[in-house]
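**Student:** Quick one, fold the following:
(one chain, ligands or ions: 1)
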Amino acid sequence: VTPKITILPDNTSVSVRRGTLVREALERAGIAIIYPCGGKGRCGQCRIRFAEAAPKPGSSEQMLLSRSELKNGYRLACRAKIERAATISVPQEVRQAPEGRILSSLGKQVDVKPLVRKIFLILQPATIQRQHSDYDLIHSALRSRGIPITDWTTTALQALPSALRRKDHSITVTLAGTTCIAAEAGDTSKHLVGCAVDIGTTTVAAQILDLNTGKERATVALLNPQSKHGADVISRIQWVRENPLHLRVLQEEIVACINRCIEILCKRARVEPGEIFHLVAAGNATMTHLFLGVTPEFIGVSPYVSAIREGHQFKTTELGIRLHPEAIGYTLPNIGGFVGGDTVADMLVAAIAESDALRCVIDIGTNGEVVIGNGQRLLATSAAAGPAFEGAQISHGMQAGPGAIDGWACDSRLRFTTVGDRPAAGICGSGLVDIVAELLRAKGADASGRLQVPKRAGPSVGIRCLARRIEGSSRGVRLLVASKAEGAKRNIYFTQNDVRQLQLAKGAIATAIELLLMEYGAAAADIQALYLAGAFGNYIRKNHAQRIGLIPQLPLDRIHLIGDAALEGAKLVLLNTEYRDAAERIARQTEFIELAGRADFQDAFAANMSFPSQ
Ligand code: FES
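**Tutor:** Residues are numbered from 1 along each chain as shown. The predicted structure is shown next:
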């Protein structure tokens, strides 16, 4: 049986075998959509809508889509299977953009206009009568195409004479802005890739992109090897202070890590490192300093100034990065204090500086950053949230790697999901948020964060399931999150101390939001769009983030999950120079607000440690 699928608004049809995934049916119909989690049913972004008779939702769909979405026929293209003839609408924002344009994670079309580009030329050789130099030949050919060129690097010039003659005066020149940085024989214009990097305190994520089409070729994430010298930026700064030679060690480690990322990416995408001409990196202020080999010592002490606020352009060979020998590197600018290029990247993705309405961007990583504002005024601060949301300092916490519980519910029965559908090994950020939200719902924890056995005779059916899982032991009250009998690798618990760690983390973020709003003279309800970025940004349930008081009570459609926006922002800068200009403007305009020294900080923080009572 081959049911016929009609796809709207394209109005194209395709017949597929019963049991075919919607994803495969769409691919057969030539409709490309974006699968941010690689089609693993974890991000909930690949939403399509069945006009009628939608298939029964699977467990990830029940987890990731709201009840009303499910009722209205929304399903995940990477999970839903075709059982009968159907009409499926594929919304614009989930589709991939045509060649030469990309769609940002928020569905905005971005033209591909990178700093580095290749131009293929076929030239008339000079003659005795027309004795033009090689250099002149190239300049006049480019001028006639309206392409400005001002200078050459020495290595490009050294390559020019033989490159020009090797293939009959057909030559490809590579321009970085208006500087010629390479000359290659023949047409190599299709081989041009760039690399975007998010230098996180804990994780380094990198991606290579085709600079002609804007398409992603490969992505990788590795642990930042500097972690062994301290989990957070403060301890790494202290380590540098102990001995100036440590700066060199930290720089070499991050460069080696980026080189390793490049090696893996090149293998995956089948490109040579020599084809990579541009690298754009976004990191917090400390990571950016360490990457450039500039001491971050003075960021950590009053008056908290960085060595450089502007974005920095350099030759990647200067830092030992193995790409094309003339490749250009660029680090995004810093705002102030610990708030750096990764936050600027988030702000680009959230388009906060282009907005008239008030927006808020929150990045939760090893540290937290909060920005509030719009095109008129922008305020930023950092929140010492600690790495609890990354699973650190939580007894059975872990990063969002294979086996991490990333979704958890206990209403009529226990349900949980893990990264990669592997046996549960620990709990990552989004799982922690779910657990606390469930504890609060079923009164397994009170507003002060005290764990308790809920009264079983409560009105909600969910209470009994949860009550059975809370146990008192000599070490205090704890919640059994998943047991060996339920498929976990070991019994996984969530303890009283874990609640406290989460309260500290969410209290720091909530305080930063509250005080920035106060400084701006606005109320939480004035926020028209709130963007949540960070490692778990794509997976967290918005209503649960609100339930635990991490973010303000706003209508859910004003909250947008933007995942690893630092990498996404670096990618925007890599693909279009207008974003680089915008990044520099944003960094200059944004006012850095130091919260810790404020008289009202401690009171606000103490109040924000509690959970909202509902
Ligand atoms: S791509 Fe389908 S849920 Fe992530």
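
**Student:** Point me to the residue of the stretch 301-450 of the chain nearest the ligand.
**Tutor:** Nearest to the ligand, among the residues of the stretch 301-450 of the chain, is Thr417, at 11.1 Å (C-beta to the nearest ligand atom). Backbone N, C-alpha and C define where each C-beta goes, glycine included.

**Student:** Looks to me like that residue is in a helix.
**Tutor:** No. Looking at Thr417 with DSSP: H, G, I helix; E, B strand; the rest coil, it is strand, so not inside a helix.

**Student:** Neighbours of it, how many?
**Tutor:** 23 (other C-beta atoms under 10 Å).

**Student:** wait, it sits on Ser60?
**Tutor:** Yes. Between Thr417 and Ser60 there is a contact at 6.5 Å, judged by C-beta atoms under 8 Å.

**Student:** any residues in contact with both of these two?
**Tutor:** Common neighbours of Thr417 and Ser60 (criterion: C-beta atoms under 8 Å, 6 or more residues apart in numbering): Arg42.

**Student:** List the contacts of the residue nearest to the residue of the stretch 301-450 of the chain closest to the ligand when sequence neighbours are not counted.
**Tutor:** Nearest non-adjacent residue to Thr417, counting by C-beta to C-beta, 6 or more residues apart in numbering: Gly407, 4.0 Å away. By C-beta under 8 Å, 6+ apart, Gly407 lies in contact with Met63, Arg415, Phe416, Thr417, Ser430, Gly431, Asp434, Tyr539, Arg541.

**Student:** And the strands in the stretch 151-300 of the chain?
**Tutor:** Using DSSP state E, counting those that start in this stretch, the strands of the stretch 151-300 of the chain run over 151-152, 170-176, 179-185, 193-199, 203-210, 216-223, 276-283.

**Student:** Walk me through which strands the first one pairs with, and which way each runs.
**Tutor:** So that's strand 151-152. strand 179-185 (parallel) (DSSP bridges).

**Student:** just the fourth one next, same as before
**Tutor:** Strand 193-199 sits in its sheet next to strand 203-210 (antiparallel), strand 276-283 (parallel), going by DSSP bridges.

**Student:** Quick one: name whatever helix or strand follows the lowest-mean-pLDDT helix or strand in the chain.
**Tutor:** Lowest by mean pLDDT, DSSP states H and E among the helices and strands of the chain is strand 101-103, with a mean of 65. Note on strand 101-103: by DSSP states H and E, the next helix or strand toward the C-terminus is strand 109-111.

**Student:** Run me through the strand neighbours of that next one, direction for each.
**Tutor:** Short version: by DSSP bridges, strand 109-111 pairs with strand 101-103 (antiparallel).

**Student:** How many neighbouring residues does Pro303 have?
**Tutor:** Neighbours of Pro303 under the rule other C-beta under 10 Å: 7.

**Student:** Ramachandran coordinates for it?
**Tutor:** The phi and psi values for Pro303, taken as degrees, to the nearest 10, are phi -90, psi 30.

**Student:** I figured Ser412 was touching Cys465, is that so?
**Tutor:** Yes. Under the criterion of C-beta under 8 Å, Ser412 makes contact with Cys465 at 6.5 Å.

**Student:** which stretches of the stretch 451-600 of the chain form helices?
**Tutor:** 462-467, 496-520, 542-547, 565-575, 577-589 (DSSP state H, counting those that start in this stretch).
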